[in-house]
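>>> structure, please.
(2 chains)
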Amino acid sequence: MDELPAGTRITGTDLVVALEDTMQVATLRYFSREGAFAAAVLAASGAPLPAPLQALEAAQLILAWRSPTETLCVTRSTARLAELAEALAACADGCLVELTGGLRIVRLTGLRIADLLCRLGGTASVPAAGEARRSRMADLAVLALCVRDGETLLLVDRAHLPHLLAWIRETLLDSAGA
Amino acid sequence: MSHRLAAPCGAWIDRSQPLGFTFNGRSYRGFEGDTLASALLAEGVRLVGRSFKLHRPRGVWSCGVEEPNAIVDVGADGRYTPNVRATLLPLSEGLSARSVNCWPGVRLDVGSVTGLFSAVLPAGFYYKTFKWPSWGLFEPAIRRMAGLGRAPTTTDPDHYEEISAAPDVLVVGAGTAGLAAAAAAARAGAHTLLLSSGVHVGGALGWRPDSEVAMLESSARAAGVRILPRTLAFGVYDHNLVCAIESRSVEGRRDLPACVLRERLWKIRARTVIAATGALERPLVFPDNDRPGVMLAGAALKYALAYGVACGRRAVVATGNDAAYALAAALQAAGVDIVAIVDRRIDAEVAHPAGGRVLSGSAITAVLGRAAVRGCRVRRVDARGVGTGPEEFLKCDLILTSAGFAPAVHLHSQAGGRLRWLERESMFVPDGAAPGVVSVGASAGILDAEIARAHAAAVGEAAALGAPLPPAPSGGVGSVGPFAPLSGVRGKQFIDLQNDVSTQDVALAARENYRSVEHLKRYTTTGMGTDQGKTSNINALMLMGRCTGRAPPEVGTTRFRPPFAPVTLGAIAARRAGSLYRALKELPARDWHAARGAVFEPYGDWRRPAAYPQTGESIEAAALREAASVRERAGLFDGSPLGKIEVYGPDAGEFLDLMYVGTLSTLGIGQARYGVLLNEHGTLIDDGIVARLGEQHYWVNTSTAGAERTAAAFEEWLQCELVRLKVLVTPVTSRWGVVTVAGPRAWRWLESIGLEAALAPERMKHMTLRTSALEGMPLRVLRASFSGELGYELNVPVDHTARLFERLWERSSEIGAAPYGIEALQVLRIEKGYLHIGSDTDGTTLPGDVGLARGVERKRAAFVGRRSLSRPSALDPQRLQLIGLQPLDGRTPLHVGAHIAPHAPPAPIEGRVTSSCLSPALGQPIALALLARGSQRIGEQVRVYHLGVETVARVVQTPFVDREGRRVHG
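Predicted coordinates for the structure are as follows:
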C-alpha cells in the first residue's frame, strides 16, 4: 500500500497490532437470508449467512454479519473469493461487491486486545469469540470481528487507516509508559 | 501560627522524604505525601489567595474538593495549569505554584482597592451601573478583570486518553461506606469497580488509626473489587453514563519525561451506580468569616492527623452542631489548644470533652486581624441572631467553623434523583434512589459510621443481585442549630467566599425579588466559580428562605450539573489533539503526490493537494499555472474522493429515477448522465454522474462531500419509504481510486501509456463508461469533465492508484502535462460556470435557480422534491439565481461572500458572490454569484461590497470560456 509501509506492525505489552496486506474483502448483499443467494453462499462456503453480530470461519472464508442485508467476506485466498464470486454471479437476489483495498484490516493478537479496544471505543466495541461488532472506534466506523480467542480483526475504511493506526500507536506508547 | 506537628500526627506524609517547592516565588519545604495546602500551612503560610470581586486576603479554607480560596496556577509553559486547588495538589520536588487573581502579588494586590468601595459594589451592581452611556464602553475592562487564572498559551506536550468500562456495579467514593458496598457487591458476584478520588481509601476515616478501613479495603480487594485511586467521578449523564477523571501524573512535577499520560477520562456504564461520595462540612456565618485563619473544622482535624499540620496554636471552634465537640477533643489531643467552643445553640447539651470552655448560645461577632486571625469577639445572641450580652475578646490564631453537614448529593441529583429536607439535621438528603444511582453513607445523609457501613453493604449486595434496595436510615449527626446570620454587627458575613457574596447580597436579591434560587445564583453569583458553591449553597438558600419566609425545601436547590469539579479541556478532548484532532481521510496515492511537491490542505473530510507549487511559487500562482496547463495541454488530478456507490437490483432504475431529477432508467448500458438530487423541499443537495453497468446495475458518482450523505439518503428512502423496491446500495468510494486526465492532449497521453484505441474520443463519446484494463489493472473508464476540457476519469482498484499515476507521470514530459490540485480545479470549473453544490448553493437553492429548470420540466415522472418546486416560494420571480460576474475594471477580485447591493450598506442585499478566481484564460477576475432575478439581469452593472470596499461588476452569462462546449469533445 502507498500510505503506510507494507507489514506495518506495532508491538505493545501482550499485544501485537499488524496491518494485513494480503487479505481480500468483499461484501455480500442480498434481499433475503432465505433466498437463492443465501443458499449459494451455503453451498460455496459450507456455512450459512451469519446471524446478527455473528462472525464465523468456514473453508478459508471469514463471514461477518454487517447488517440485515449485508455480510462481509474476508479471506487470504484470492482463488476462494473468485470461486465464491462465480458461484454467486448467477443469483439475482443478491450480489457480491469487491471491497479489497477499500477496507483495510488490522489484526490484533495477544492478551490485551480488550484493553486496547476499550481505549478506542466503548465496551460494546469488544467482540467475543464468534462475534462481529460495528461501532465507533477512534472516532471512526470500525467493524471488529473475532473468530477465535486471542485474535481480533479491525476492518476500517482505507482512507481512515492512518488515523486508526496513529491512535493505536499513541495508546500503546502511553500504555508502555504508564 | 500554623506549624508542623510531631508524629504520630501525619499518617499520610513521609518525613524521610523532604521536598522543595516554590510558592509565589518563595522557597519552602514539605514532605512526600503533603498537598500544596498542607505544606504551606506547615510552613506558616496563611495568605494564599485573593477573592474574586473584592480581592480580600484569603487562606486555606478546606482540605478537599470544596476549596474556594486556595486556587493556584501550577507549572510553566505547556505544563502550566490554571486554577488548581492547592488542597488536592500533591506536593512534588520543584513544584512551582502562584496565587491567582492578584497583581503584583498576593500580599500587595492592587485589585484590593475594590474593597474600599465594597459598600457601593453590591450584588448585581454592574447590571445597574454600567448601562450609561453604553455597556460596550465598560465591557472590555470588565472582561479583563473577569475570571480566575490565565489560559495556557503554549502547546501541552502531554497525552490524555479515554477508556470505557462496563462493570455490573460502580461504587463512587472509597470511604468506609463505599468500601463496604463494593465488597458486598463483589462477594455477591458482581463485577465491581470502585473509584477513590484520592490516593488513600477510607474517606473521613482514612487518616485515622482505624483498623476498620484496612479491613474493609482488604476485604474488597479479596472479593475482586477493582479500585481506581485518584479517580474523581464528575458527572452522571444519560443512560447512566458516569464520567470520571483519573489523574495519572502529578501536576507541576518537574522531573517528568517529555510526554506523559497525564489524565484518563473514564466513561463507565454500570448496571447500578452506588454513590458513596460523603458529605461536605457547612460553615457558620459570622462577620469577617473569610479571614486567613478561619477554616472548616473538619479540615483542620484532617490537616492535623493526615498531614501532621496544626493550622494554628490557639483555636476557637464556632459551631452549631454536636459533631464539632468530638472534633475539638481530637484536635486538642493532637496539640492544638482549643480556647473555647462557641455554640450558637442555646440548648446544646454536649459538654466539652476536654473540659474546656463552652459558650452556649453565643456567636463570634468580630474577627480581628486582616491577613491572619489574631483573635475574635464573642457574644451571647438570641435565636434571631441579635446580641444580648457583653462582648468578650478571645485571643486565638485559628477559628474553626462547623454548622453541620451537606451530603454530597451531586451525582444523585444529576441522575434525576429528588431530595428531601431533614429539619433536625438541616440538610438535604436523597429522597430514595435516582434512576440507576443509589446513595449510601454520608451522601445518603447517614452520618453514623456503623449504620452507614451496614446499610452500604446491604445496598451493595442488593445491587449485585438485582434485589430491592434497602431504604437509607438518614440522620445520626445529632442536633444542628438553626441558620441565623447575625444582625447589628460590623463586617461582611460571607456566604460564598470565592465570589464575595455576603448575607447583604442575598438579602438584596430577596428585596429585588430574585427569590428563585436560580435567580439568586445568577444575580449574586453565589455557587458559581471553580468550587460551584460546595460550602455556600445550603447557607445561601437557607438565608433566602429566612428573607422570604420560606422553609429550605420551598426555596429548593439550584440544578446540580456536571462537572462536580473542574475538568481539564485536555481530558475532555482525550486523544483528539494534534494530528488526531480530526479523522481526515488520506488519498490512496498520498505519497505519490507528496513526492511531486503537493501542498496538502483539508477539503471537507479529505486531505488533498491544493497545488504543486514550484520553488518560490505561491499556491495561487501554482493554481493558475496548473489550470493553464490543463487548458493548453493536459493535467493529472486525483479524483479518488469522489463518491462512488454501486446500486444493484431489479428496481434500481426506478429507484434512481425517484432519487434524481433526471431520468436514469432509460440509460443504455455504458451510458452516463449528469443528475442532481433534491431533498423533500426541492433543495439541491448533491449532483453527480450516474452510469449504467448492467441491466440491474448502476454506478453512481456523487460529489466528494456528498458521498456518505447520498448513500445514507438512499438507504433511508429504501428502508423507510420505498420498501417495495428491491434495490441494494453499496458505497465503494474507497475501493476505487480515480485518476483524472483532462486537457486537449488527454487522449494522446492515455494512448501513450497503452490504453486501448476503443477509448479514443472519436470512438467513445462524452458521458459514456467502458470497462477496460491496462497492464493487469482493471479499469472503469468514464468520459466526463469537470474542467470543460476533454476528460477521462480512470477508476482503478485502489491498490493500483499510485501505479497508474506513476505510469502517466512517466510520459508527462512528452505531453507537457502537469498534475493539478484542487485550487486549479476550482479555477477551471468556475471558468466553465460549473456548479459546486455547497459553494454555489445554499439550503434554499432550487434547480431552477442554477439553470436546471429544463431538466425538471422535461421529466414527467415523480422524483423526490418535485412537489416542493411548485410552491409559491419556488416560483417567486425574486429568487436568487446563479450568474457570472466580471469586474468592470477587469482587475479587482470579487471576494467570495461579498454582498451585492444597490448602494453601500446598510442596504437590502440582492445577492452574494459564491465562487471567485482569476481566470488564466481571460486574464481577469471572474466570479459566480447568486443574484435576485439574476437570469434577467444579464448585462446589468451591480455593486459588490466586501469589507467596506465597493467594486462595480457586470452580470454575465456563464460559461466564461468555450461557450459552445466544443473543447469537452476533444
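>>> any weak-confidence spans in chain A?
Regions of chain A meeting the criterion pLDDT under 70 cover residues A:1-7, A:177-178.
>>> 50 instead?
When residues are selected by pLDDT under 50, those of chain A lie in A:1-3.
>>> what are the ranges of the strands in it?
In chain A, the strands defined using DSSP state E lie at A:9-12, A:15-20, A:24-30, A:55-58, A:61-67, A:70-75, A:94-98, A:103-110, A:131-137, A:140-148, A:151-157.
>>> any chance of those in a markdown table, plus mean neighbour count?
Just so you know, the C-beta spots here come from the backbone N, C-alpha and C atoms, and that holds for glycine as well. Conversion of these to a markdown table gives the following (neighbours: other CB atoms under 10 Å in any protein chain shown):
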| stretch | mean neighbour count |
| --- | --- |
| strand A:9-12 | 15 |
| strand A:15-20 | 18 |
| strand A:24-30 | 23 |
| strand A:55-58 | 20 |
| strand A:61-67 | 22 |
| strand A:70-75 | 23 |
| strand A:94-98 | 22 |
| strand A:103-110 | 20 |
| strand A:131-137 | 20 |
| strand A:140-148 | 21 |
| strand A:151-157 | 22 |
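>>> can you put those in JSON lines and add distance to residue B:315?
As requested, those are arranged in JSON lines below (distance: least, CB to CB, whole Å):
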{"stretch": "strand A:9-12", "distance to residue B:315": "54"}
{"stretch": "strand A:15-20", "distance to residue B:315": "56"}
{"stretch": "strand A:24-30", "distance to residue B:315": "73"}
{"stretch": "strand A:55-58", "distance to residue B:315": "68"}
{"stretch": "strand A:61-67", "distance to residue B:315": "69"}
{"stretch": "strand A:70-75", "distance to residue B:315": "71"}
{"stretch": "strand A:94-98", "distance to residue B:315": "79"}
{"stretch": "strand A:103-110", "distance to residue B:315": "58"}
{"stretch": "strand A:131-137", "distance to residue B:315": "55"}
{"stretch": "strand A:140-148", "distance to residue B:315": "59"}
{"stretch": "strand A:151-157", "distance to residue B:315": "61"}
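>>> assumed residue B:629 was part of a helix.
Yes - with the criterion set as DSSP: H, G, I helix; E, B strand; the rest coil, the secondary structure at residue B:629 is a helix.
>>> who's the residue lying closest to it once chain neighbours are set aside bridged to?
Excluding the flanking residues, the one nearest residue B:629 by CB to CB, 6 or more residues apart in numbering or on different chains is residue B:818, at 4.6 Å. On the basis of DSSP bridges, residue B:818 takes part in beta bridges with residue B:635.
>>> check contacts around residue B:818.
When contacts are counted by CB atoms under 8 Å, 6 or more residues apart in numbering or on different chains, residue B:818 is found next to B:612, B:625, B:626, B:629, B:635, B:636, B:812.
>>> export these to a markdown table and append columns for neighbour count and pLDDT.
What follows is the contacts of residue B:818, written out as a markdown table (neighbours: other CB atoms under 10 Å in any protein chain shown; pLDDT from 0 to 100):
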| residue | neighbour count | pLDDT |
| --- | --- | --- |
| B:612 | 22 | 98 |
| B:625 | 18 | 97 |
| B:626 | 26 | 98 |
| B:629 | 21 | 97 |
| B:635 | 31 | 98 |
| B:636 | 26 | 98 |
| B:812 | 18 | 97 |
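>>> one step back: make CSV from the strands of chain A and add distance to chain B to it.
Converted to CSV, the strands of chain A look like this (distance: least, CB to the nearest CB, whole Å):
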stretch, distance to chain B
strand A:9-12, 14
strand A:15-20, 13
strand A:24-30, 4
strand A:55-58, 20
strand A:61-67, 9
strand A:70-75, 8
strand A:94-98, 5
strand A:103-110, 7
strand A:131-137, 10
strand A:140-148, 6
strand A:151-157, 5
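>>> for these, which one sits closest to residue B:436?
strand A:131-137 (22.1 Å; CB to CB).
>>> so what secondary structure elements neighbour the closest one?
With contacts defined as 3 or more CB pairs under 8 Å, 6 or more residues apart in numbering or on different chains; DSSP states H and E, the secondary structure elements packing on strand A:131-137 are strand A:61-67, strand A:140-148.
>>> for the closest residue to chain A within the stretch 101-250 of chain B, what are its contacts?
Using CB to the nearest CB, the single residue of the stretch 101-250 of chain B nearest to chain A is residue B:166, 4.0 Å away. Residues in contact with residue B:166 (CB under 8 Å, 6+ apart) are A:122, A:123, A:124, B:268, B:269, B:270.
>>> which of those residues count as buried?
For the contacts of residue B:166, a neighbour count by 16 or more other CB atoms under 10 Å in any protein chain shown gives the buried set as A:122, A:123, B:268, B:269, B:270.
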